[in-house]
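Colleague: Give me coordinates for this.
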Amino acid sequence: MGNLSRTRTVLIFAFLVTVWGINWPLSKLALSYTPPLLFAGIRTLLGGFILLFAAIPRYKRLRLKETSHYYVISALLNIVIFYGLQTVGLSYMPAGLFAAIVFIEPVLLGIFCWLWLGEQMYGLKIIGLFLGFAGVLVISTGGFSGEISPIGIMLALGSAAGWGSGTVYVKKIGEEWILSGWLLFSF
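Modeller: Purely as a prediction, here's the structure:
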C-alpha cells in the first residue's frame, strides 16, 4: 500500500478483517429469510454492480476479446463454486464451524500449487501444511456438537477447493491477465 500512511493502512486492514469476520454470521442469518442460491446471487450481483460502475469508464483496458475466457473460468471457480457452495452449505451447519472448515483453503492451496504449478514441496512447507490442517481440525472439533452434517462438511470442503483452485488458476494464467484486471482500477 505504497503511499498510505501506517495509520490508514491499519484502519483499512481492520475494516477488512471486521467485514470478513461478520460475513459468516450475517450470511447465516440471511439464510433464514432467503433461499441460499438467491442470497448468493443477490450478494454477488450487488458486488458486481459496484465493480461495473468502476469498470464502465475503463472497459477498453480489460481487452475483453483476448481475456474474457480467463474471467469466465476465474468467476466460475472463485464466485460460483466458492460462494455458491458456501451459501448453500451454511444452511447445513453453524456458521463458525462451516467457516473453520472452509479455511482449510490455505492447506489445499499449498497442495494445489505443488501439484499444478510444480512448486517445491520441502520439509518446512510440509510441516506448515500439517500444522495448518491440524489447526483447522482443532478449531472445528469445538463445533462438532450434536448431529454432524456430512453434506455441510462436503459443501465446505468444495467451497475451499473452489477458492484454492481459483487462486491457483489466476496464478497459473500469469501476470498479464492479472494486470489487465488491475488496470481497470488504476487511474
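Colleague: Point out where the protein drops to low pLDDT.
Modeller: Per-residue confidence for the chain (pLDDT under 70) gives these ranges: 1-3, 142-147, 175-187.
Colleague: Tell me which residue lies nearest the centroid of it.
Modeller: In the chain, the residue lying closest to the centroid (C-alpha atoms, centre = their mean) is Trp163, at 4.8 Å.
Colleague: ok now do that one, which residues does it touch?
Modeller: Applying C-beta atoms under 8 Å, 6 or more residues apart in numbering, we find Trp163 in contact with 77-78, 81-82, 102, 105. Where you see a C-beta, it was placed from the backbone N, CA and C, and this is true even at glycine.
Colleague: ok, now with 10 Å
Modeller: By C-beta atoms under 10 Å, 6 or more residues apart in numbering, the residues touching Trp163 are 77-79, 81-83, 85-86, 102-106, 108-109.
Colleague: helices or strands up against the one helix or strand Leu137 maps to?
Modeller: If you go by DSSP states H and E, Leu137 is part of helix 123-141. Helix 123-141 sits against helix 95-102, helix 105-116, helix 150-173, with contacts defined as 3 or more C-beta pairs under 10 Å, 6 or more residues apart in numbering; DSSP states H and E.
Colleague: and among the ones you listed, the most buried is which?
Modeller: Mean neighbour count (mean count of other C-beta atoms under 10 Å) peaks for helix 95-102 among those, with a mean of 22.
Colleague: From the chain's centroid, how far away is it?
Modeller: On the basis of C-alpha atoms, centre = their mean, to the nearest Å, helix 95-102 sits 13 Å off its chain's mean C-alpha point.
Colleague: before we move on, what about stretch 74-86?
Modeller: What separates the centre of stretch 74-86 from the centre of its chain is 8 Å, taken as C-alpha atoms, centre = their mean.
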